[in-house]
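In: how does the following fold in three dimensions:
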Amino acid sequence: MKAPHRRIGSLRIALTLFVFLVMTVSGVIAACVFLLARRFGMIPPAYMATIIPIMMIVGSVLVGTVLSALVGSKFLRPVRRLSGALDAVSKGDFSVRVPVSRGPEELRALQESFNHMAEDLSGIEMFRNDFIDSFSHEFKTPIVSIRGFARQLARGSLSEEQRQEYLDIIVRESERLSRLSTNVLLLSRLEHQKIVTNKTDFYLDEQIRGCILLLEKQWSEKEITFDLELEEIPYRTNEELLSQVWVNLLGNAVKFSEPGGLVEVQCMRVGETVTVSVADHGPGMEEETLRHAFDKFYQGDTSHASEGNGIGLSIVRRICELCGGAVAVASAPGKGTKFTVTLPPV
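Out: The predicted model follows:
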């Protein structure tokens, strides 16, 4: 598809040629009219040298004006419509669309490009609004909780057991707020990062085992067992960055597993690529949740009963993209969830 400025240039050339053609045709028509008038003796010979050029010019202008008004108005109507739509977009109305006309190819391409642009801007605006709403909700919830229980503590008429309970809630909500801030800052940094720096050599299987140990408190409380099938694979990338992928995926698997459940982890070479999968046998995801699994702040649990802020999987996807890999998810209600990370060879 041609670039927009090239299309505009082509339209400008077409308009110039059109005007030139109209003026030429109108001039020829005027000349023919006055030559016929001379032949039938309507114009004296003495005035031919001066009148004909003047009348040709006047006739050319008149005929050209009429033809331009008739033909040009139809040709320029979609251009004026497009101009009005651009003005609407500049004022923040991204719902406007222009009908694709049957005119020149360049004009049709320009109209289609405008509609695509308006559609993309509309999606970005909708995503921005959703992001702000979700972000505000995730920050507001722990702040309101902390404020409420702090006010209860300030009253002083509480038993020691109540005081300890309220303090535990404040500490827990503070930690939640801290994790949210950390994840938002990390995701913001990753979205602006283009390449992976600080690469080191390490073993993927050992890194995954280390991440499982980091989450020991969570899985030991629920008595989760792990089925590990980890091939010894040397790898080279930013070790700290990649560990965020395994911590998030393993943490989700533990969180959504039933007490006494099983989490299966595989790490192996498949051809020239490396594949790591993390599967749980929890409640699984509905189709709608599955479609938005990697969206920022999206949570299938609209009641927010489970701990989380909907940023972890966005971080996972972005890190995989930076490393030149990808992440996919397969899930169904009642059948658990399986995340598969594919990494390029080193």
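In: can you pull the pLDDT of residue 109?
Out: With respect to pLDDT, residue 109 scores 82.
In: and what of residue 258?
Out: 92.
In: quick one: secondary structure of it?
Out: Look at residue 258: counting by DSSP: H, G, I helix; E, B strand; the rest coil, its state is coil.
In: so it touches residue 282, yeah?
Out: Yes: assessed by Cβ atoms under 8 Å, residue 258 is found in contact with residue 282 at 6.5 Å. Glycine gets a C-beta too; all of them are placed from N, C-alpha and C.
In: now residue 268, which residues is it bridged with?
Out: Under the criterion DSSP bridges, residue 268 forms beta bridges with residue 275.
In: circling back to that earlier point, more neighbours: residue 258 and residue 282, which one.
Out: Neighbours were counted for residue 258 and for residue 282 using other Cβ atoms under 10 Å; residue 282 has more, 20 against 13.
In: tell me the contacts of residue 162?
Out: With contact taken as Cβ atoms under 8 Å, 6 or more residues apart in numbering, residue 162 is in contact with residue 152.
In: quick check: which element contains it?
Out: According to DSSP states H and E, residue 162 maps onto helix 160-192.
In: the helix or strand just after that helix pairs with which strands, parallel or anti?
Out: Heading C-terminal from helix 160-192, the first helix or strand you meet, by DSSP H and E, is strand 200-203. Using DSSP bridges, the strands paired with strand 200-203 are strand 234-237 (antiparallel).
In: and the very next helix or strand once past the strand it pairs with, what does it pack against?
Out: Counting by DSSP H and E, the next helix or strand C-terminal to strand 234-237 is helix 239-255. Using 3 or more Cβ pairs under 8 Å, 6 or more residues apart in numbering; DSSP states H and E as the contact test, the elements touching helix 239-255 are helix 204-214, helix 216-221, strand 262-270, strand 273-280, helix 312-322, strand 337-343.
In: please identify the buried residues of helix 239-255?
Out: Of all the residues in helix 239-255, those buried under the rule 16 or more other Cβ atoms under 10 Å are 239, 241-255.
In: what do you get for stretch 146-162?
Out: For stretch 146-162, by 16+ other Cβ under 10 Å, it's 146, 149, 152.
In: which of these fall in helices?
Out: Using DSSP state H, the subset of the buried residues of stretch 146-162 located in helices is 146, 149, 152.
In: how about residues contacting stretch 139-154?
Out: Contacts of stretch 139-154 (Cβ under 8 Å, 6+ apart): 158, 162-163, 166-167, 169-170, 173-174, 176-177, 180, 304.
In: no more questions from me, cheers.
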